[in-house]
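In: Next one to model:
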Amino acid sequence: MHIKKIIYLFTLFSKLPFIYGLILPNKPLKGDVSFINSTNNSIFPSKHKHTHNNVTLSGIQPTGEIHIGNYIGCLSPCLNYQRTHNDLNVMIADNHAISGLKSNDNLKKYTRSTIALSIASGINPEKTRIFIQSQFPQILELNWILGSVVRTGKFHKIVQFRNRGINVSNENLATFLYPLLMASDIFAMNATHIIAGPDQKIHLTLARYIARKLNRHIDSNYFTVPQMVKGFTYKVKSLSNGTKKMSKSSESKFDTINMLDTDDDIYRKIKNAKTQTSEGNIMKLLTMISFSSRYSPSLMTSFQES
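Out: Here you go, the predicted structure:
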């Protein structure tokens, strides 16, 4: 597709009512997920008053029970940002989650629990928009348009699957195209800032590349080049394997500490956690200690240097 036609479609898309003042039709949401703000049938609170032009986006996938890694890596940075800003948008990324679901997983259940635990953790719908990705088909429409912007070779070069040890030949196509859908999330929101873990920086690079490419073609700064919100980010590892990230899709229940675990469950999981100094096993425990006790990140730095 010719680049000028792509830009034309993009500008038409950007003029559609999407976020601000959007009212959804009076019909049940997919999966019977309730509206966050049921008084006006909109999933966006009506009391948001931005004091600047920033739009900040973060997302969490409802692929399972929320664990402490999700809280430390995603929810806590959002809470810190929410204290001093009113431009945060938290996306429940159920379209992203589809690629990682197992046959017996219940996406409706996980979506509802992810929303509930996000609010219970302190995400305030009066200050922060919470929305469900699949309720906006415009994101997937934009995803198709952006797919016409990026060449396959450039895509491979940016996302670096092979260099990161990801064998895409054994993954489904949706997993391979995850970075492009993330870029679509960003452009659909016209997001200026992103709250995400360090493993998402490469994916953000793709969105930045697309924005700059389109801006060059129209000789303008029409498309926002998003940037990561600065701040210390914790990356929590699996309790049984210090080389892997704590994940909701883990096959062992002893790999994660879920937010709804009982005290006895947490005790047993920590007791069985690997603590060898090799392969980052002790570091994952120091990460959680540093976070939960509000110690400085220098605790981990001191250990690494000793």
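In: Tell me if residue 58 really is in a strand.
Out: Yes. Assessed by DSSP: H, G, I helix; E, B strand; the rest coil, residue 58 belongs to a strand.
In: so it sits right up against residue 197, yeah?
Out: No. Checked against Cβ atoms under 8 Å, the pair residue 58 and residue 197 is beyond contact range at 10.0 Å. In short, each C-beta sits where N, CA and C put it, glycine included.
In: Now do the shared contacts for those two.
Out: Shared contacts of residue 58 and residue 197, defined by Cβ atoms under 8 Å, 6 or more residues apart in numbering, comprise residue 74.
In: Compare these two (neighbour count), which wins?
Out: residue 58 (24 against 19; other Cβ atoms under 10 Å).
In: part of a helix, is residue 89?
Out: No. Assessed with three-state DSSP, residue 89 is strand; it does not lie in a helix.
In: Is it correct that residue 223 falls within a helix?
Out: No. Looking at residue 223 with three-state DSSP, it is coil, so not inside a helix.
In: For it, give its distance to residue 183.
Out: Note on residue 223: its distance to residue 183, by Cβ to Cβ, to the nearest Å, is 11 Å.
In: Return every residue with contacts to both of the two.
Out: What both residue 223 and residue 183 touch, as defined by Cβ under 8 Å, 6+ apart, is the set residue 210.
In: Looking at these two, which has the bigger crowd around it?
Out: When neighbours are counted by other Cβ under 10 Å, residue 223 and residue 183 differ, and residue 183 comes out ahead with 26 against 21.
In: so the more buried one is in which element?
Out: Element membership of residue 183 [criterion: DSSP states H and E] is helix 178-189.
In: Moving C-terminal from that helix, which element do we reach first?
Out: If you walk from helix 178-189 toward the C-terminus, the next helix or strand you reach (DSSP H and E) is strand 193-195.
In: Averaged pLDDT, that next one. What do you get?
Out: Taken as a whole, strand 193-195 has a mean pLDDT of 95.
In: Next one: residue 76, what pLDDT does it get?
Out: Confidence score, pLDDT, at residue 76: 90.
In: Can you report how many residues neighbour the closest residue to residue 261 other than its chain neighbours?
Out: Residue nearest to residue 261 in three dimensions, not counting chain neighbours: residue 269, with 7.3 Å by Cβ to Cβ, 6 or more residues apart in numbering. When counting by other Cβ under 10 Å, one arrives at 19 neighbours for residue 269.
In: wait, is residue 269 part of a helix?
Out: Yes. Counting by three-state DSSP, residue 269 is located in a helix.
In: Would you mind listing the buried residues in the regular element (helix or strand) spanning residue 79?
Out: Assigned by DSSP H and E, residue 79 belongs to helix 76-82. By neighbour count on 16 or more other Cβ atoms under 10 Å, the buried set for helix 76-82 is 76, 77, 78, 79, 81, 82.
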